[in-house]
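return atomic coordinates for the entry below.
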Amino acid sequence: MRTELLPDGHLWLRIADPGWKDPLDPGFAAERGGRWNPAQSHRMLYLNEDRVTARLNLRRFIEGWPYEPEDLRDDAGPVLVLATLPRRQKVADVHSRRGVAAVGLPATYPLDARGRLVAHGACQPIGEAARRAGLRGVRARSARAPDGAGRELAWFPANRGSRARQVGVEAFETWFWG
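The predicted structure follows:
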């Protein structure tokens, strides 16, 4: 598994419902699981590396809603929470060509050789191995960008006191259309 240090001070982005009490709580993914962790496992926070990736992920966030992003009012749309992580976070590289190959995923990740999205079941053991190795997360190509563009971070807090720090919130109209 290839590793890398995240850039200190980078602003990570999280799409959130404006009514959420703590949008940076890693407990939700521990219960429900996600691409890099199985349900009922460990605390994890899924973050977007940039606005383009956040915009791509909005479609998943509002999946099942009876309307599209262009139908959302600014006061009703999801906000974008800007956050920083503790310094010196060493993570698994699952975004570079060599990093993807090192974990055994197809070079076409997030798609398989047939053009289908690689399943969570193929990614979760990689996330678990990264956590067991003492890494703080998985920086990966966005599953919402079939061409491999966009980066996401599945971040594992070191302990209960290790937290992402909220440094701002942007209204829907600002972050999505701006």
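
which outside residues touch the longest helix along the chain?
Longest helix of the chain, by residue count under DSSP state H: helix 120-132. With contact meaning CB atoms under 8 Å, 6 or more residues apart in numbering, helix 120-132 is reached by 1, 33-38, 41-42, 44, 91-92, 94, 103-105, 137-138, 140, 154, 156. Glycine gets a C-beta too; all of them are placed from N, C-alpha and C.

cool, stretch 138-152 as well?
By CB under 8 Å, 6+ apart, stretch 138-152 touches 4, 6, 35-36, 46-50, 52-53, 56-57, 59-60, 91-95, 100, 108-111, 115, 117-118, 123, 126-127, 130, 153-154.

let's see it at 6 Å
Outside of stretch 138-152, the residues within contact range by CB atoms under 6 Å, 6 or more residues apart in numbering are 36, 48-49, 53, 56-57, 91-92, 94-95, 109-111, 127, 130, 153-154.

avg pLDDT for it?
The average pLDDT within stretch 138-152 is 89.

now do the same end-to-end measure for that stretch.
This stretch, stretch 138-152, spans 8 Å end to end (CA to CA, to the nearest Å).

so which bits of that stretch are buried?
For stretch 138-152, a neighbour-count test (16 or more other CB atoms under 10 Å) marks 138-146, 148, 150-152 as buried.

over to stretch 154-172?
Neighbour counts over stretch 154-172 (16+ other CB under 10 Å) mark Ala154, Trp155, Phe156, Pro157, Arg163, Ala164, Val169, Glu170, Phe172 as buried.

ok, what's across the strand from the residue lying closest to Pro18 once chain neighbours are set aside?
Nearest non-adjacent residue to Pro18, counting by CB to CB, 6 or more residues apart in numbering: Val79, 5.0 Å away. Beta-bridge pairing of Val79, defined through DSSP bridges, involves Ala16.

burial of Arg35, as a residue count?
The number of residues packed around Arg35, counting by other CB atoms under 10 Å, is 24.

distance of it from Tyr46?
From Arg35 across to Tyr46, the span is 8 Å (CB to CB, to the nearest Å).

buried residues, the helix or strand of the chain with the lowest mean pLDDT. List them.
The weakest-scoring helix or strand in the chain, judged by mean pLDDT, DSSP states H and E, is helix 172-177 (a mean of 79). Across helix 172-177, burial judged by 16+ other CB under 10 Å covers Phe172, Trp175, Phe176.
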